[in-house]
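A.B. asks: how would this look folded up:
(2 chains)
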Amino acid sequence: MTTSVTEMRTTGFGPALWRALKSFGLLRESWVGMVGVFLVVFWVLVAIFAPLLAPFDPNASIQPFAGLGAVSAKGGTFWLGTDHIGRDILSRIIWGSRTVLIYAPLATFSAYFVGILMGLAAGYRGGWVDDVLSRIADIILSFPVLVLYIIIIATIGASGFNIIIAITFASSPGIMRIVRGLVLDLRNRDYVAAAQTRGESDWRVMLVEILPNARGPLIVDACLRLGYVIITIGVLGFLGLGLPPPDPDWGGMVNETRQMAMAFPHMTLFPCIAISTLILGFNLLADGLREISLRD
Amino acid sequence: MVTLVVKRIGFMIFTMIVVSLILFLLLETDLTGDPAARVLGQFANEEQKELWREQHGYNQPVMLRYVKWLGNFATGNLGESIRFKGPVADVMLPRLWNTVILGFWTFAVMIPLSLILGVLSGMKEGSKLDRSISVFGIITTSVPEFASAVIFSAIFVFTLKWLPGTSSMSGGFEFKQLILPAMVLIVYDFGYVARMTRASMAEVMTSQYIRTAVLKGLPYRSVILKHALRNALIAPFTVIMLQINWLLSGVIVVEFFFAYKGFGALILEASLNNDIALLEACAMVAVCVAVTTQTIADIGYTFLNPRIRFS
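C.D. replies: Purely as a prediction, here's the structure:
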């Protein structure tokens, strides 16, 4: 009977779900991690239920320069005031969470896709493949990262798709380095040798045998990197190189209203608080995950 | 040791050449759109564009143009800035100096602060002090520079009215105007250096020779100051050098926000105005600074670490 329980934990459909539940249980012991989970879940829910939560149309010009809690002439309250062209700031923040929570994971995923493939190839193949890929990574990483983004966006133009390309280009070398290091460590394990002896193809060994065993550090890194990507999207929006208006984007909201920040600080302050809490969520989550991974 | 230095410097020069080639291909060729259209704007007709290409030698073969361009660059002929109507070097150098001033004060506060906090939390891993410093560091690095700039402005400029909200230095240099930009950079960056110092310190504290020092009855003070610190501060040296690379990104945001007339704001202005010559020069300077500091970090690390120096 006891063996069947342990078997259930390690084989079949159970393991992924079981492990997820187990790590969530462990995460509950780290209050830092729990605060992170709370913040992330909060913003994800806001993004999902944006149409229900937002009191106004985020792009509608209703009543300019309204203060906190001002009541609209047509009914409804501007809880966080309105901006210089009369758009409700709370509604824009709520809809803006969708923008950031769509583009940031997409960009991170795309960077991971490229970075993992490069890292697996460099670490597993070694030799000239490793040399060439590592040199390319060194060169890209030697750029001050924002200078790189500015040059890329200046040449290919600002759009959601181009931001994903720029982030993939700039962050995949860092991911590649991490994956490469993990692969170098894992490729001499017995189970890799066993798979090679079975005659499995290189890509199958890399993707089925090596990659799943490298996931721990990669998950922590992905959380941290998601935070960085959100910062990047915010900064690009703030510099006027982000997503084209009028759809709400937190960094862009700060850029549009920063000239008026001295007279109407609420216009810039609330988008900043929004983006900071979301990034904080991912960083605390990463810290919690690292803490429990060290405990094992 | 000597071969390592030569190798590193060789790679540094190689990187700069590759970067210059990438910049040239991106900005000066048709790869990402017609440079003539970029400079003259979208309303220029075909005749004007052709005339411009002829005048600026854009009809020559690409490789020849690259070699000429690189030659001009190496001899200090950086071209003319369209936006500022003058030689690029005259525009860039004063701006670069302003950023050096900002960077100097940022580092002068950030490094001691982050080293002290890092050592304090690494001394006793897992203690209350350690956890508090770690969480505080996570919070400050989670706030993007533009957000902390907004928040600090709301506090120190709008509410308390202690500090000026812009740092354009229009009435001559004023130290007061430097405080907020430097503060934003320090708050964003110190957490990372502190975390790296902590990791390095924590590792040293668990090593055998520290245990020996404690067990033979040395006072805690001298264990930390004489034995632990010396080894624990090797890794942060590298991190601090690499921090210059981060600073170059940070100053773009901060200088733009506070209207500080520095190098970061200049890069942004050049790119937003399609000032290609200026953008190329700024990007090359930024990469040179970044690559040089990375090389110094690498060489310095091996020099400071006797285990590598003597092997």
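A.B. asks: hang on, B:Ala44 in a helix?
C.D. replies: No - assessed by DSSP: H, G, I helix; E, B strand; the rest coil, B:Ala44 does not belong to a helix; its assignment is coil.
A.B. asks: check contacts around it.
C.D. replies: B:Ala36, B:Ala37, B:Trp52 (CB atoms under 8 Å, 6 or more residues apart in numbering or on different chains). The way it works is simple: take the backbone N, C-alpha and C, and place the C-beta from them, glycine included.
A.B. asks: List buried residues within the residues you listed.
C.D. replies: B:Ala36, B:Trp52 (16 or more other CB atoms under 10 Å in any protein chain shown).
A.B. asks: Throw the contacts of B:Ala44 into TSV and include secondary structure and pLDDT, thanks.
C.D. replies: Shown next, in TSV, are the contacts of B:Ala44 (DSSP: H, G, I helix; E, B strand; the rest coil; pLDDT from 0 to 100):
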residue	secondary structure	pLDDT
B:Ala36	helix	73
B:Ala37	helix	73
B:Trp52	helix	76
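A.B. asks: could the contacts of B:Ala44 be laid out in a markdown table, adding distance to B:Gly165?
C.D. replies: What follows is the contacts of B:Ala44, written out as a markdown table (distance: CB to CB, whole Å):
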| residue | distance to B:Gly165 |
| --- | --- |
| B:Ala36 | 41 |
| B:Ala37 | 38 |
| B:Trp52 | 41 |
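A.B. asks: wait, B:Ser121 sits on B:Lys128?
C.D. replies: No - using CB atoms under 8 Å, B:Ser121 is not in contact with B:Lys128; the gap is 10.1 Å.
A.B. asks: So the most centrally placed residue in chain A versus B:Ile252, what's the distance?
C.D. replies: In chain A, the centroid-proximal residue (CA atoms, centre = their mean) is A:Leu226; its distance is 2.2 Å. As defined by CB to CB, to the nearest Å, A:Leu226 lies at a distance of 22 Å from B:Ile252.
A.B. asks: A:Ile93 too?
C.D. replies: Using CB to CB, one gets 25 Å for the distance from A:Ile93 to B:Ile252.
A.B. asks: Between those two, which is the more surrounded one?
C.D. replies: Under the criterion of other CB atoms under 10 Å in any protein chain shown, the comparison of A:Ile93 against B:Ile252 puts B:Ile252 first, with 28 against 22.
A.B. asks: element containing the more buried one?
C.D. replies: Using DSSP states H and E, B:Ile252 sits in helix B:234-258.
A.B. asks: I'd like the next helix or strand past that helix.
C.D. replies: Where DSSP H and E defines the elements, the next helix or strand beyond helix B:234-258 is helix B:263-272.
A.B. asks: is any part of that next one close to chain A?
C.D. replies: Yes - using CB under 8 Å from any CB of the partner chain, helix B:263-272 reaches chain A at B:Ile267, B:Leu268, B:Ser271, B:Leu272.
A.B. asks: From what I see, the first one and A:Ile150 are in contact.
C.D. replies: Yes - judged on CB under 8 Å, B:Ile267 makes contact with A:Ile150 at a distance of 6.2 Å.
A.B. asks: Give me the common contacts of these two.
C.D. replies: Between them, B:Ile267 and A:Ile150 share these contacting residues under CB under 8 Å, 6+ apart: B:Ile252.
A.B. asks: more neighbours, those two?
C.D. replies: Set B:Ile267 next to A:Ile150 and count neighbours by other CB under 10 Å: B:Ile267 wins out with 30 against 27.
A.B. asks: ok, for the more buried one, nearest residue in space, not its chain neighbours?
C.D. replies: Of all residues not flanking B:Ile267 in the chain, B:Cys282 sits nearest, at 4.5 Å (CB to CB, 6 or more residues apart in numbering or on different chains).
A.B. asks: now the angle between helix B:263-272 and the helix or strand containing that neighbour, please.
C.D. replies: Secondary structure assignment for B:Cys282, by DSSP H and E: helix B:276-304. Here helix B:276-304 runs at an angle of 140 degrees relative to helix B:263-272 (axes from the mean of the first three to the mean of the last three CA atoms, to 10 degrees).
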